[in-house]
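S.K.: Generate a structure from the sequence data that follows.
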Amino acid sequence: MKVTSELLKLVADPTRMRILMVLSRKELCVCQIMGVLEVSQSLISKNLHLLDSAGFLSERKDGKLVYYSLRKDMPLPQSRLISLLADLLKGDNILMGDLQSLRDCEELQKKAAKCDMKTFREFMDRKKKKKLI
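M.R.: Predicted coordinates for the structure are as follows:
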């Protein structure tokens, strides 16, 4: 019961829920997660560390970038929580916004053919301009 209680506390945080849901769609680096969620690097890194320690994540290094994804061999309790969250959050406005931001981020990075801070800044500038319209 203690393990389940700790996992539920961990995924009760909205930022961690959002990270898990976008990572359930695609492997992402920290700057991509920052852009999609519009959250600071320190907050993303802290939450990625917690999710990784709890057995949710895998990481892969590519040069200076670290890419995160959901573990393929995730323990059953974590896997069931991901499925439950996905079911409960279907149609959620925040998640829908995150998924649209993820599509926008992917589109920009395909055009730029890279993922770096310059591309991230361009993405954030585009998001700000969209909000002003």
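
S.K.: what are the ranges of the strands in this protein?
M.R.: With DSSP state E applied, the chain shows strands at 28-29, 57-62, 65-70, listed in chain order.

S.K.: Let me see the mean pLDDT of the first one.
M.R.: pLDDT averaged over strand 28-29 equals 91, rounded to a whole number.

S.K.: related to what we said a few turns ago, out of the strands of the chain, which is the most enclosed?
M.R.: Of all the strands of the chain, strand 28-29 has the most neighbours on average by mean count of other CB atoms under 10 Å, namely a mean of 21. C-beta: built from backbone N, CA, C; applies to glycine.

S.K.: Pull up the pairing partners for that strand, direction included.
M.R.: Using DSSP bridges, the neighbouring strands of strand 28-29 in the sheet come out as strand 65-70 (antiparallel).

S.K.: quick one: low-confidence parts of this protein?
M.R.: For the chain, the stretches with pLDDT under 70 are 113-120, 128, 130-133.

S.K.: Scan it for its longest helix.
M.R.: helix 93-112 (DSSP state H).

S.K.: Show the secondary-structure elements that it is packed against.
M.R.: Contact analysis of helix 93-112 by 3 or more CB pairs under 8 Å, 6 or more residues apart in numbering; DSSP states H and E lists helix 14-23, helix 30-37, helix 117-132 as its packing neighbours.
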